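# Could you work out the structure for the sequence below:
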Amino acid sequence: MKFHILTLFPEMADTCLHASILGRAAQSGCVSFHTVNIRDYTVNKHKKVDDYTYGGGAGMLMQAQPVYDAWNSVQSGSEVKIRTIYVTPQGRTFTQELAQELSQEKELIFLCGHYEGIDERVLEEVVTDSVSIGDYVLTGGELPALVMVDAIARLIPGVLHNENSAETESFQNGLLEYPQYSRPPIWHDKGVPEVLLSGNHQKIAQWRLEQSIRRTQERRPDLYERYMKKNLQS
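Predicted structure coming up:
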C-alpha cells in the first residue's frame with residue numbers, strides 16, 4: 001500500500017515514517033511512504049502558499065493553486081481517483097472501523113492543512129473524506145495524518161511480525177483489550193492471575209473476554225452499550 005502525504009513540512013512526516021515498525025515495513029516493501037512538499041508547487045516566486053481570507057478574519061489561508069497542483073502530481077499518475085483524506089477537526093471521527101476500511105485501499109492521499117485551513121474550492125475538488133482524530137484543534141494536519149497512517153498501516157499484512165496482534169487489540173471486536181502480564185510472575189507483591197498460568201487455553205480465552213467486557217464497561221460505557229446491543233440483536 002502506498003501513502004502520500006501532502007504537507008508544508010515533509011520533514012515532520014519523514015522522521016516518523018521511517019522509524020520503528022513503519023520504517024521496517026517500508027524497507028520490506030509492505031508499505032511505501034511518499035511526502036509531497038506543497039510549497040514546491042506554488043507559482044509565487046517567494047514560495048508563498050497562503051493569503052488573507054476574503055471577508056476578513058484572523059489568520060491566513062492556504063491557497064487553492066499550490067494544493068491542487070501538489071495533489072495532481074500524485075493523482076495524475078493513477079487511472080482512478082485516489083481516496084484523499086483531508087485532516088480537519090470538522091471531519092468525521094477516525095475509528096478502528098474506518099482504519100480497517102481504509103486499509104483495503106491500494107493508495108491513500110493525506111492532505112495536511114495549516115494556518116486557518118485551505119481554500120474551500122480546492123477541498124471540494126480533491127477531497128473524498130474529511131477526517132478528525134478528536135474534538136480539539138492542532139497547529140497543523142501532520143500529527144493527525146501520522147496517527148491515521150500508523151493505525152492503517154499496522155493492519156496491512158506483513159507490517160506486524162505477529163499477524164494476530166492486530167486482531168486481539170482494543171476496538172477490534174468492539175471492546176477494549178484485556179489486561180496483560182509478563183515476567184516475573186510476582187512484582188511488587190502483585191501476582192499474575194492464576195488462570196494465565198494454568199495452560200488451559202479455553203479458560204484463558206473466557207477470562208480475557210470477561211476482562212475486556214468489564215474494562216469496557218468501566219472505561220468506555222458508550223462502547224459497552226453498543227457491544228451489548230449488538231450481542232442482544234444477534
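
# Name the strands paired with the strand of greatest length in the chain and say parallel or antiparallel.
The longest strand of the chain (DSSP state E) is strand 83-93. Here strand 83-93 has these sheet partners by DSSP bridges: strand 107-112 (parallel), strand 129-132 (parallel).

# Just the C-alphas of that strand, formatted as PDB.
Backbone C-alpha positions of strand 83-93 (Å, rounded to 0.1, in the frame of the first residue of the first chain) are rendered in PDB as follows:
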ATOM      1  CA  ARG A  83      -9.100   8.400  -2.000                       C
ATOM      2  CA  THR A  84      -8.000  11.700  -0.500                       C
ATOM      3  CA  ILE A  85      -8.300  12.400   3.200                       C
ATOM      4  CA  TYR A  86      -8.400  16.000   4.500                       C
ATOM      5  CA  VAL A  87      -7.200  16.100   8.100                       C
ATOM      6  CA  THR A  88      -9.600  18.500   9.800                       C
ATOM      7  CA  PRO A  89     -11.400  18.800  13.200                       C
ATOM      8  CA  GLN A  90     -14.500  19.300  11.100                       C
ATOM      9  CA  GLY A  91     -14.400  15.800   9.700                       C
ATOM     10  CA  ARG A  92     -15.900  12.600  11.000                       C
ATOM     11  CA  THR A  93     -14.100  11.000  13.900                       C
END
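
# Show the average pLDDT along it.
Confidence for strand 83-93, expressed as mean pLDDT, is 96.

# Next SSE downstream of that strand?
Next helix or strand after strand 83-93 toward the C-terminus (DSSP states H and E): helix 96-102.
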